[in-house]
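Undergrad: I'll drop the sequence and a predicted model, then ask my questions.
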Amino acid sequence: MEKITIHTEYIKLNAFLKLADIISNGSDIKVMLEEERIKVNGVIAFERGKKLRNGDIVTIDDNESYEVVEE
């Protein structure tokens, strides 16, 4: 599991995915959400603006996991 460090209290899902180099632009997340490819803490994500906080786990395609770590 890769740890991605944030420097704020929270980060929105779309910004997190860009920070982790999972997506390159906003339209990518729309497709991924529609295809139910993203989970946050084991629950399918539907909101691109979902707030992620320290300790949250983002999973892509049920195999790549990233942990949000607050600095």
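TA: Received the coordinates, thanks.
Undergrad: For this protein, which helix or strand comes out least confident on mean pLDDT?
TA: Least confident element among the helices and strands of the chain, by mean pLDDT, DSSP states H and E: helix 26-34 (a mean of 91).
Undergrad: Setting aside sequence neighbours, what's the nearest residue to residue 11?
TA: In space, and not counting its chain neighbours, residue 11 is closest to residue 52: 5.3 Å by C-beta to C-beta, 6 or more residues apart in numbering. All C-beta spots, glycine's among them, are computed from the backbone N, C-alpha and C.
Undergrad: just residue 14 next, same as before
TA: Nearest non-adjacent residue to residue 14, counting by C-beta to C-beta, 6+ apart: residue 48, 4.4 Å away.
Undergrad: mind listing the helices for this protein?
TA: 13-19, 26-34 (DSSP state H).
Undergrad: so where's the longest strand in the protein?
TA: Assignment by DSSP state E gives strand 64-70 as the longest strand of the chain.
Undergrad: Residues in contact with it: which ones?
TA: 1-9, 11, 16, 20, 22, 52-60 (C-beta atoms under 8 Å, 6 or more residues apart in numbering).
Undergrad: partner strands of that strand, parallel or antiparallel?
TA: strand 2-6 (parallel), strand 57-60 (antiparallel) (DSSP bridges).
Undergrad: Next, the buried residues of it.
TA: Buried residues in strand 64-70, counting neighbours by 16 or more other C-beta atoms under 10 Å, are found at 66, 68.
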